[in-house]
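Q: fold the following for me, if possible:
(2 chains)
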Amino acid sequence: MNTQILTWLLAVPAVAALVILAFPRSWETGIRRFSVAAMLVELVLSLRLVFADYSGAGYNFVEHIAWVESFGISYKLGVDGFSLWLVVLTTALSPVALYASWGSVTKSIKEYAFSFLLLELGMLGAFLALDLFLFYVFWELMLVPMYLIIGVWGGKDRVYAAVKFFIYTMVGSLLMLVAVLYVVSSYEQLAGHYTFDLQELSNLVLPALPQYLCFSAFALAFAIKVPMFPFHTWLPDAHVQAPTGGSVILAAVLLKLGIYGFIRFAMPLFPVASQALGPVLAGLGIVGIIYGAYTAWVQRDLKKLIAYSSVSHMGFILLGLFAMNRTGISGAMLQMINHGISTGALFLLVGVIYDRRHTRMLDDFGGLAKVMPRYTLFFLIITMSSIGLPGTNGFIGEFMALAGTFFSRTPIGFGSSWFIMTLLATTGVIFAAVYMLHAVLRMFWGKVTHEENESLPDINSRETLAVLPLVVMVFWIGLYPKFFLDKMNPAVDSFVTDFTVRYYEGRRTSEARLVDFDELKARLEAAGELAMTERSEEEARR
Amino acid sequence: MHPETTQQLMLLLIILFPLGGAVFNGLAGRYLPKGLVTLVAVGSVAVSFVLAVLSFIELYGLSHDHGAGHAALVYHFYEWFSVKIPGGTVVPIDVRFTMDSLSGVMTLVVTGVGGLIHMYSVGYMGEDEGYPRFMSFLNLFMASMLILVLGSSVPVMFIGWEGVGLCSYLLIGFWYENRDYAAAGRKAFVVNRIGDFGVLIGMFILVGVAGSFEFADINQAAVNGQFQGDFPIWLFGMAPSLATVACLFLFLGCTGKSAQIPLYVWLPDAMAGPTPVSALIHAATMVTAGVYLCCRLSPLFITSDVAMSVIAVTGTLTALLAASIAVVQREMKKILAYSTVSQLGFMFAAVGVGFFAAGFFHVFTHAFFKACLFLGAGSVMHAVHAHGDADIFKLGGMRKYMPTTRWTFLASCLAIAGFPLTSGFFSKDEILLGAAAQIYRGDDPLIHGVGWFVLIGLTLAAVMTAFYMFRLYFLTFTGEYRSADQSGAHPYDAHPHESPASMTIPLMVLGTGALVVGFLGLPHVLPITGTHLDQWSWWGHWMHSSVAGQPVPEELHIVNLASGLAFGAMAIGISAAWVLYRNKSEDLLQQKIPARLYQLAFDKWRVDELYAATIVNPIKKVATVAGHADMTFVDALMTKLPSFNVRESGRVLARMQNGVVQMYGAVMIVGLVGVMAWYWTPHSSIQAEFDGKSVALSTPPGLGYEYRWDANSDGDFETEWSGTPSTSFEYGDDDIRGVAVFIINSQSGATKRVEVGEEWVSLPLESVIPAEFISAQDSGFEVRVDGRDILFRKPFARTKGMGSKEIRLPMGSHGRLGSARVVGRPLVEATLEVRNAFGNARVTTKEIALPFDTESPAHASLTRPRDEVFR
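A: Residues are numbered from 1 along each chain as shown, chains lettered A, B, ... in the order given. This is a model prediction of the structure:
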């Protein structure tokens, strides 16, 4: 079973989803318990992945089966330092989100459970796939259940939000498909056979222009998913309309697929374009940090506020990612997990209050600290995590992403704009405090202004059970992040080296060609030239 | 700089006890009896204090063996995380605690004063329904403050730095049902965050240079001069040193935490918190964190004259501004709050003139008298049942009702005013001595000017300090109790009473401290007599080597100048207050100065309003606009516009599919006419292929086309009209019409033609080679064509012998420039005439650059290929 664990990971939700279909519609308790149980089994299974050796560069638990041989499509899965924690994040938050949903979702719960399991399958598949075709299949697969979750179980304007979400994401991914096909056919012209295998395709070096075009196509798909300013306008609508569970998954996992797509596919395949356009994307990330914070500040709907705070947080992640050094990328990777935890928890907490009051407007609250002290404590802890207070998880990610930006002075990275980028991005830590504490002030402090709020029950044990694991994670990552970073650092280190080598090969080329990068890297390493990754700009010039 | 260290678990326990107390009371306190809550809260701090004393004794012993500052206790807990800096070094961030002479004293102050204030809180807050929560927050504050003090690296200190900020936020807004209080808490947090921005950037600069986050390593790097280099980015056209930029960013953090201009505005509002909070957090400990950080990194700060001057001037200005506000305020805690801001200004002024030990000595003495003053104020408010704050014009005569409070308050007032032999006398004297010493140091006009400014400014501030403190004292404790007859608006309780023992004991301890702790810092040289007292200055000796600083002057006239000014300021201030306020009940000052000025000072110079108008409101406006624009403009641009386009173009296209056959017919005819028009005249283009000897010319074939070729465009068609769309030709020397210049990337073969004529143009190497692969030697060439040769020159060459010498490259020869080759190829022109079935003809010509490497007989007359290396 060890060798096929990734297949098992995909099989459990798939089979469970099918089994759910066989459940009688009236047996609601059974459906609820079975679906959550299946996801918990999945979580336990995925924990096996943590206990593997990630000190090397390659993939663990690789499975490779030919699928459509004539087109080089294969069923290839693997997990490395990049995908490991995202997989665990997915398996951990899916049961939490589903469990939390069972308090509020009462109609068509069979279909809801089915959609959720399918969604988990799609997300895990996308994180695990090492074949571009397979990735695309899973990437599109997850759209459908999310579309249904928003469109069927959502709020008042759910259909509009669902369609907007679907079309927005679809447009991006179609262009990505075109780019994938271009890459595959370029490869075929040189190698004589088709392949969608990421590792084989990575040996293809494209000249600048096709790199720019393909990278842009990939980047559009991923940037929409992230979402990066100005492609973010689907997010507030989707979040506001989605049910609590949908919001949690959307914020915690789905957005991460955008960043993951950059790091897994777009950047290694098109390094020259990535380096040229990376600072631009990071710049848009900074705009997102500040703009997201500003817009979050003036929102009156709590869910919208958190949605815009996501835009702001994802800005830090983009920034760290394109800093192109270990500190920045590790920080971005960790911040993805952190954002998943803290924003996921925030949406859960909003769900708690929404179930009681059926409103999310800040104006309808005030003085809740008096009525719901335990709820206030949870909300404050998560707020501090979101603000990035040292000791909580948010600090580590933000700190590393900013430090990565500050030290991104090599030709690969931000070059001479490192300082201004750091300055602008760091103002984000101020604005985060402004909008989050604004929300806290409006919700919890002051006198109880609405009669309806005076007798609200505090957070109950079911809701506590859902939030508590996330609070534990807030402090675990905040106090001992090394456990998580140690598993991703080797992958990040080798990513940076690979990227550098690929980048310089790409710069030297004027027509598409194949390069055996393993061999090249070995040669460069023997010559002691791999160290150039870390050389400063001045040294590189010399 | 690296002291001898000993591993000591106690350092961790000092922090863990209050932390455990905070968690325990925070989670379970509500369900437990008050006695247990008190036991845990006060007990944990008491244990922490005992451990701190034990550690300090051990440190003292070690220092005896190795010399003060050369010994430290450390506790390495675990590795937190790491960052990789340029050069590939992985810098670990360890959770490690260090107690050296500086942090040792601070730990004692924090746990000692903190313990007393915990004890005081039992009496003061015991009746509040949020008592367990309050004690939990206080414990959490203690833990955070101890992390701040004991943390041995900047990020670990930053945990405490932000932790105390969080506690401050929670405790200012402790009575959260009052939304103004909660808003004051938020203001404190946000303003502090502005400072944290500076600390973060400063921290990055430090680690980038020193390659370590540890204070000891950073200081060592500063001593080694590593921070003397220029900052890599020019700011405002200047090239400041690394030390200057790092220190200024760190100082921004200090202005936030320690309430200096421009970020001091949160501290007066912070008085919304319960009085013990004001005493502990907003007077004795947290707000001095900025001074502590400067002392911690004193070897770094002292290397930057610019940063030091900024700090000195900021501190002095803050001292003056806050004192001028305190002079006219009516409420006890507000006066004390501005007094705190002002005293913090004194400390930073000391730091700025390089008297770090003196600044920190003032932190130490200030902790005693200011905590005592706040607790005294709290005791008075407790006695008269004043909520929030107490208006001194409604008080008076308190000495009758509460003697203990009165005497301890008086002792502290004397100390803060700098009455001889009290603690404040010694510490303030030392600060003025630092300013005076700066005037006599060196001949840099900046240093001199700053020295004079600080000396005069602080003397004025000292006058005001003595004045407003005794104004406060006289109005509160002397005369008659003005609320006794219950006349006037909102009078206080008519029958005040002395506070319980749990409140008076801390007052007595702190009041005694305020009088005596100054003897730890007896000056080196006594004024007037000039007696040298080296053996007495325990403080200077103890701090000597863990804190850098300018030398303490021995010259008697400097010492006399400083103490003369300090004594004079104190005397003038107290006398003025005596005359104006002793046994008085109204504000005589108000009648003596212009009403406008008084009002302006009373309104705190309207700085909050200024910030609101210039910073807060504009940002808020931008945010509001952004909030609206996002759902309208941005969404319209990114979503609505594309969807509109799709929908409308769909609508137009749909209209055409309307089923009317006439319409379809009309469209068909338009299409047919278009096709006919295209076919009416022939179309052609010429392609050339080289097979080594001859050139194959071809054109895409067209139905019914006939072709004839004039391959060298000499007017004679070599072929007759025929249906074959291709021909072959061997060009000779005579056919060559010119030369085409190409640049080739030797590695990849990328080729680019350069448009060159008789005029000089620069050679665009970067069109085939990435800019970073072009060496300086290879760039900057100019090129032109001369007959069949290519000429090169390098007009700006600085290389010896190059000058503007021209190099001639015959056609066909390859010139090498690094990894690029330049070659001139013979240019010929081909002509093709095509005619179609309608009899219409068209002539097409094309320039063809012949490859010259071919061993073609036709080219034999030309000399060939000899590579030439330029430079």
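Q: pretty sure residue B:838 is touching residue B:680, no?
A: Yes - applying Cβ atoms under 8 Å, one finds residue B:838 in contact with residue B:680, separated by 6.2 Å. Where C-beta positions appear, they are placed from N, C-alpha and C, glycine not excepted.
Q: so who does whichever residue of the stretch 551-700 of chain B sits closest to chain A touch?
A: Taking Cβ to the nearest Cβ, chain A has its nearest neighbour within the stretch 551-700 of chain B at residue B:627, 3.6 Å off. Contacts for residue B:627 (Cβ atoms under 8 Å, 6 or more residues apart in numbering or on different chains) come out as A:294, A:295, A:297, A:298, A:299.
Q: helix or strand for it, which one?
A: helix B:617-629 (DSSP states H and E).
Q: in CSV, list the C-alpha atoms belonging to that helix.
A: Only the C-alpha atoms of helix B:617-629 are listed here, as CSV (Å, rounded to 0.1, in the frame of the first residue of the first chain):
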residue,chain,number,x,y,z
ASN,B,617,-8.6,61.0,6.6
PRO,B,618,-6.9,61.1,3.2
ILE,B,619,-6.1,57.4,3.6
LYS,B,620,-9.6,56.7,4.7
LYS,B,621,-10.8,58.6,1.7
VAL,B,622,-8.6,56.6,-0.7
ALA,B,623,-9.9,53.4,0.9
THR,B,624,-13.5,54.4,0.5
VAL,B,625,-12.9,55.3,-3.1
ALA,B,626,-11.0,52.0,-3.6
GLY,B,627,-13.8,50.1,-1.9
HIS,B,628,-16.4,51.6,-4.3
ALA,B,629,-14.2,51.4,-7.3
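Q: is any part of whichever helix or strand comes after it close to chain A?
A: Note on helix B:617-629: by DSSP H and E, the next helix or strand toward the C-terminus is helix B:635. Yes - Helix B:635 is in contact with chain A by Cβ under 8 Å from any Cβ of the partner chain, via residue B:635.
Q: not counting helix B:635 itself, show me its contacts.
A: With Cβ under 8 Å, 6+ apart as the test, helix B:635 has contacts from residue A:233.
Q: helix or strand right after it?
A: Per DSSP H and E, helix B:635 leads on to helix B:641-656 as the next helix or strand towards the C-terminus.
Q: coming back round to it: buried only: go through the contacts of residue B:627 for me.
A: Neighbour-count burial (16 or more other Cβ atoms under 10 Å in any protein chain shown) applied to the contacts of residue B:627 gives A:294, A:295, A:297, A:298, A:299.
Q: and the residue of the stretch 201-350 of chain A found nearest chain B, how far from residue B:623?
A: Closest residue of the stretch 201-350 of chain A to chain B, Cβ to the nearest Cβ: residue A:298 (3.6 Å). Per Cβ to Cβ, to the nearest Å, residue A:298 is found 5 Å from residue B:623.
Q: tell me the mean pLDDT for the helix or strand residue B:24 falls within?
A: Here residue B:24, judged by DSSP H and E, is contained in helix B:10-28. Mean pLDDT, helix B:10-28: 93.
Q: now for the strand or helix carrying residue A:423, which elements pack on it?
A: Element membership of residue A:423, judged by DSSP H and E, is helix A:418-444. In terms of contacts (3 or more Cβ pairs under 8 Å, 6 or more residues apart in numbering or on different chains; DSSP states H and E), helix A:418-444 is packed against helix A:271-297, helix A:302-322, helix A:368-371, helix A:373-387, helix A:393-406, helix B:179-210.
Q: so how far is that helix off the chain centroid?
A: Distance of helix A:418-444 from its chain centroid, counting by Cα atoms, centre = their mean, to the nearest Å, is 21 Å.
Q: what do you get for stretch B:250-265?
A: In terms of Cα atoms, centre = their mean, the centre of stretch B:250-265 is found 12 Å from the chain centre.
Q: do it and chain A meet?
A: No - applying Cβ under 8 Å from any Cβ, one finds stretch B:250-265 separated from chain A by no less than 10.3 Å.
Q: going along the chain, name the strands of the stretch 401-542 of chain A.
A: A:513-514 (DSSP state E, counting those that start in this stretch).
Q: for the stretch 651-800 of chain B, same thing?
A: Using DSSP E, counting those that start in this stretch, the strands of the stretch 651-800 of chain B run over residues B:687-690, B:695-698, B:706-710, B:726-729, B:738-745, B:751-754, B:761-762, B:782-786, B:789-793.
Q: need those strands in CSV (columns: distance to chain A, mean neighbour count and mean pLDDT).
A: Output for those, formatted as CSV (distance: least, Cβ to the nearest Cβ, whole Å; neighbours: other Cβ atoms under 10 Å in any protein chain shown; pLDDT from 0 to 100):
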stretch, distance to chain A, mean neighbour count, mean pLDDT
strand B:687-690, 19, 14, 82
strand B:695-698, 23, 19, 86
strand B:706-710, 31, 21, 88
strand B:726-729, 27, 18, 86
strand B:738-745, 7, 20, 85
strand B:751-754, 8, 15, 83
strand B:761-762, 21, 13, 84
strand B:782-786, 21, 18, 86
strand B:789-793, 23, 19, 83
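Q: those: which one's closest to residue B:847?
A: strand B:738-745 (7.7 Å; Cβ to Cβ).
Q: direction included, what does the closest one pair against?
A: strand B:751-754 (antiparallel), strand B:820-835 (antiparallel) (DSSP bridges).
Q: for it, what is the distance to the chain centroid?
A: That offset, for strand B:738-745, works out to 53 Å (Cα atoms, centre = their mean).
Q: equivalent analysis for stretch B:417-433, please.
A: The answer for stretch B:417-433 is 34 Å, by Cα atoms, centre = their mean.
Q: re the thing from before, quick one: closest of the strands of the stretch 651-800 of chain B to residue B:282.
A: Nearest of those to residue B:282, taken as Cβ to Cβ: strand B:761-762 at 66.1 Å.
Q: residues from the stretch 651-800 of chain B in reach of chain A?
A: So far as Cβ under 8 Å from any Cβ goes, the stretch 651-800 of chain B lies against chain A at B:745, B:747, B:748, B:749, B:750, B:768, B:770, B:772, B:773.
Q: how close does the third one sit to residue B:821?
A: Meaning residue B:748. Per Cβ to Cβ, residue B:748 is found 12 Å from residue B:821.
Q: over to the fifth one?
A: Separation of residue B:750 from residue B:821 (Cβ to Cβ): 11 Å.
Q: what residues do the two have in common as contacts?
A: residue B:744.
Q: with only the CA atoms kept, save stretch B:343-353 in PDB.
A: Provided in PDB are the C-alpha atoms of stretch B:343-353 (Å, rounded to 0.1, in the frame of the first residue of the first chain):
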ATOM      1  CA  GLN B 343      10.800  61.700  30.400                       C
ATOM      2  CA  LEU B 344      11.200  59.200  27.600                       C
ATOM      3  CA  GLY B 345      12.400  62.200  25.500                       C
ATOM      4  CA  PHE B 346      15.000  62.700  28.200                       C
ATOM      5  CA  MET B 347      16.100  59.100  27.800                       C
ATOM      6  CA  PHE B 348      16.400  59.300  24.100                       C
ATOM      7  CA  ALA B 349      18.200  62.600  24.300                       C
ATOM      8  CA  ALA B 350      20.800  60.800  26.500                       C
ATOM      9  CA  VAL B 351      21.000  58.000  24.000                       C
ATOM     10  CA  GLY B 352      21.400  60.500  21.200                       C
ATOM     11  CA  VAL B 353      24.400  62.200  22.800                       C
END
